[in-house]
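Visitor: Take this sequence and fold it.
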Amino acid sequence: MPLRIIFMGTPEFSVPTLLALAGAGHEIVAVYTQPPRPGGRRGLDLKKSPVHEAAERLGVPVLTPVNFKGAADRQVFRDFNADVAVVVAYGLLLPEEILSGTRHGCYNGHASLLPRWRGAAPIQRAIMAGDRKTGMMIMKMDKGLDTGPVALARTVAIDETMTAGELHDRLMQVGAELMTQAMTKLEAGELTLTPQSDEGVVYAAKISKDETRIDFTRVAEEVHNHIRGLSPFPGAWFELDIAGRLERIKALGSERVEGTGAAGLVLDDALTIACGKGAVRPTRLQRAGGKVLAATDFLRGTPVAPGTRIA
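Guide: Next up, the predicted model:
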């Protein structure tokens, strides 16, 4: 029999899994997502999450509790009489009463090869650290932070030019396929769980604004990984003097190239920038409030002379 599923997720990353489960014939009895947030140019309009909008298209009831501290919210969850809850980037910590509030508990789709990169920003952290592989894992949730036993896993290679946005898009499709497989096995009573190793635990802390500025004193490989790990959001940046005014420029793509010089020194007309060791060349740039441009187009309108020092 198809499973009765409560789906819990918020961003675009979660949507393919919701659609895949519905497409596989499971009954999505309810969707939980973050409440609508201020949006629009002036922030006056309330914008529903991507999962909220997808659930409405499916005709599924949507609930947006701020938390599960109230007994009424916990009771509503139990009253759906679901077989299982599926959680993908929901954004709320779940109390034990919710984790045990369905017949089979809660299963989470997590974008790393656990126990490496437990926590909030596994995609960005994997690239920033220079990892050559990551993956998706389906785990049964417990009260710890991404500590539950693993049901299924799939490895995904990270090539040296891949950005966080590109890896995000790859993993969200892999996650949808993997969660659908997990629920098929669960339905058949064939899903097995393997405890995570106690070795190799690394935490993926949320990206802070303080670490988005590019530090050209680091070696070129680390600068390159920093740029692509923060692309497209929130974006790594540097400051450039344009017509006597310092402007913040986001670098949303880069390549490692040959070059030596003082850290932050522009070495040629193509915006090759010296690092602590080696050099990088941004490939996509964005001025504050402007469009993302290929570096060649950016430099056509805003030439940067060799010898310029970038902060």
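Visitor: longest single strand anywhere in this protein?
Guide: strand 245-257 (DSSP state E).
Visitor: Name the strands paired with that strand and say parallel or antiparallel.
Guide: strand 236-242 (antiparallel), strand 279-287 (antiparallel) (DSSP bridges).
Visitor: just these: most buried one?
Guide: strand 279-287 (a mean of 22; mean count of other CB atoms under 10 Å). C-beta: built from backbone N, CA, C; applies to glycine.
Visitor: State the next helix or strand along the chain beyond it.
Guide: strand 292-294 (DSSP states H and E).
Visitor: so what strands line up beside that following strand?
Guide: Take DSSP bridges as the rule and strand 292-294 pairs in its sheet with strand 279-287 (antiparallel).
Visitor: all strands for the stretch 1-150 of the chain, in order.
Guide: Using DSSP state E, counting those that start in this stretch, the strands of the stretch 1-150 of the chain run over residues 4-9, 27-32, 37-39, 45-47, 62-63, 84-88, 106-110, 116-119, 133-140, 150-157.
Visitor: any idea how far Phe13 is from Asp142?
Guide: Plainly put, Asp142 is 22 Å away from Phe13 if you go by CB to CB, to the nearest Å.
Visitor: just checking, what packs against the helix or strand of the chain with the lowest mean pLDDT?
Guide: Each helix and strand of the chain was given a mean pLDDT (mean pLDDT, DSSP states H and E); the minimum falls on strand 37-39 at a mean of 86. In terms of contacts (3 or more CB pairs under 8 Å, 6 or more residues apart in numbering; DSSP states H and E), strand 37-39 is packed against strand 45-47.
Visitor: what separates the strand it packs on from the chain centre, distance-wise?
Guide: On the basis of CA atoms, centre = their mean, to the nearest Å, strand 45-47 sits 22 Å off its chain's mean C-alpha point.
Visitor: Begin at 656, not 1, for the rest of this chat.
Guide: From this message on, residue numbering opens at 656, which makes the last subject strand 700-702.
Visitor: most centrally placed residue in this protein?
Guide: Residue closest to the mean C-alpha point of the chain, counted by CA atoms, centre = their mean, is Ile778 at 5.2 Å.
Visitor: That residue and Arg825 touch, don't they?
Guide: No. Ile778 is not in contact with Arg825 according to CB atoms under 8 Å; the separation is 9.7 Å.
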